[in-house]
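**Q** Just need the structure, nothing else, for what follows:
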Amino acid sequence: MSYLIRIVGAALIWVVVLVASTIPARAAETPEQALRQVQRAIDTSDTALLQRYVDLDAVIGGAVDVFVQTLVRQASSKAGQGGMAPMLAMMVAGMQDGSDAQAAQAMKMLVTGETRKFVLHGVASGKFAGKPRKEPVQQDGGLFSPLFEGASTGRKEIRSITDVKRTGDDATAALKVYDFGNEETYPVNVRLVPVGDSWRVREVTNVKQLADRVRREAADQQTQE
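**A** Residues are numbered from 1 along each chain as shown. Model prediction:
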């Protein structure tokens, strides 16, 4: 009898294990759902949620690379260098021949830090949600704060998510983001990577095109003024 009880007990344990293994703790999110969470983070001023679904260091780092390249080209003209903040112009001047790798890295780190601060402040303050708070949130400003003086702090809204494709372990998607500050719609192409049971934005793949467009818009605004 005891032998039979041991067999039945072992069988019951295996049944429990097998059943438990077929019940997921939480349904995996799709890339679309992850991108919706980015909008939710903006709307609720939740910087922790934003950083869960967006690798800010990677995304900003890629954008800053393009930004620095643009500044170096701009600095080649006297007029272009004259439009820069003095500290920025001095740092870029030492990079024009491409030989000062240390200066380039230092500049990238500084601009990345300022951009990260700008983004997190925009979210935490409620500005990017279109609901700016009256009380001060985080610290806004720094060495390169003049870089963002003309940047829109209006609400950012993902209007559409299309062309979602899985490519190997990654996923790509095309977004339409509306900026209530300047009333413009921007096409933003992103690459996401799987993280746990969800996805995280790792790269904006059309950042150069976006930078060119923003630069043209800034130039047009200066001409109108």
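**Q** Who are the packing partners of the longest helix seen in the chain?
**A** With residue count as the measure and DSSP state H as the assignment, the chain has helix 101-124 as its longest helix. When contacts are defined as 3 or more Cβ pairs under 8 Å, 6 or more residues apart in numbering; DSSP states H and E, helix 101-124 sits against helix 47-53, helix 56-75, helix 86-93. To be clear about C-beta, it is placed using only N, CA and C from the backbone, and glycine gets the same treatment.
**Q** Go through those helices and find the least confident stretch.
**A** Ranked on mean pLDDT, the bottom entry among these is helix 86-93, at a mean of 60.
**Q** returning to that earlier point: by how many degrees do the longest helix of the chain and helix 56-75 diverge?
**A** Going by axes from the mean of the first three to the mean of the last three Cα atoms, to 10 degrees, helix 101-124 is angled at 120 degrees with respect to helix 56-75.
**Q** what's the spacing between residue 172 and residue 64?
**A** Distance, residue 172 to residue 64, by Cβ to Cβ, to the nearest Å: 22 Å.
**Q** tell me the mean pLDDT over the helix or strand harbouring residue 32?
**A** With elements delineated by DSSP states H and E, residue 32 resides in helix 31-43, which encompasses its position. Per-residue pLDDT values over helix 31-43 give a mean of 97.
**Q** before we move on, what about stretch 206-223?
**A** Predicted confidence along stretch 206-223 averages 80 (mean pLDDT).
**Q** which residues are contacting that stretch?
**A** Among residues not part of stretch 206-223, those counted as contacts by Cβ atoms under 8 Å, 6 or more residues apart in numbering are 62-63, 66-67, 70, 150, 182, 184, 186-189, 204.
**Q** Just the buried residues from these, in ChimeraX please.
**A** For anyone working in ChimeraX, the buried entries among the contacts of stretch 206-223, judged by 16 or more other Cβ atoms under 10 Å, can be selected with:
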select :62,63,66,67,186,188,189,204
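**Q** if you count what's nearby, which of residue 172 and residue 64 comes out ahead?
**A** Between residue 172 and residue 64, counted using other Cβ atoms under 10 Å, residue 64 has the larger neighbour count: 21 against 16.
**Q** show me the contacts for that one.
**A** Contacts of residue 64 were listed using Cβ under 8 Å, 6+ apart, and they are 108, 111-112, 115.
**Q** count of residues packed around residue 206?
**A** Residue 206, neighbours per other Cβ under 10 Å, totals 16.
**Q** Please apply the same query to residue 41.
**A** Applying the criterion other Cβ under 10 Å, we find 21 residues in the vicinity of residue 41.
**Q** wait, it sits on residue 122?
**A** No: using Cβ atoms under 8 Å, residue 41 is not in contact with residue 122, being 11.5 Å away.
**Q** if we can go back for a sec, and the helix holding residue 32, C-alpha only, in CSV?
**A** Once non-C-alpha atoms are left out, helix 31-43 reads as follows in CSV (Å, rounded to 0.1, in the frame of the first residue of the first chain):
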residue,chain,number,x,y,z
PRO,A,31,6.3,45.9,-29.7
GLU,A,32,3.2,47.9,-30.3
GLN,A,33,2.1,47.6,-26.6
ALA,A,34,5.6,48.6,-25.5
LEU,A,35,5.4,51.7,-27.6
ARG,A,36,2.0,52.5,-26.1
GLN,A,37,3.7,52.3,-22.7
VAL,A,38,6.1,55.0,-23.9
GLN,A,39,3.2,57.3,-24.5
ARG,A,40,1.7,56.3,-21.1
ALA,A,41,5.0,57.3,-19.4
ILE,A,42,4.8,60.7,-21.1
ASP,A,43,1.1,61.2,-20.2
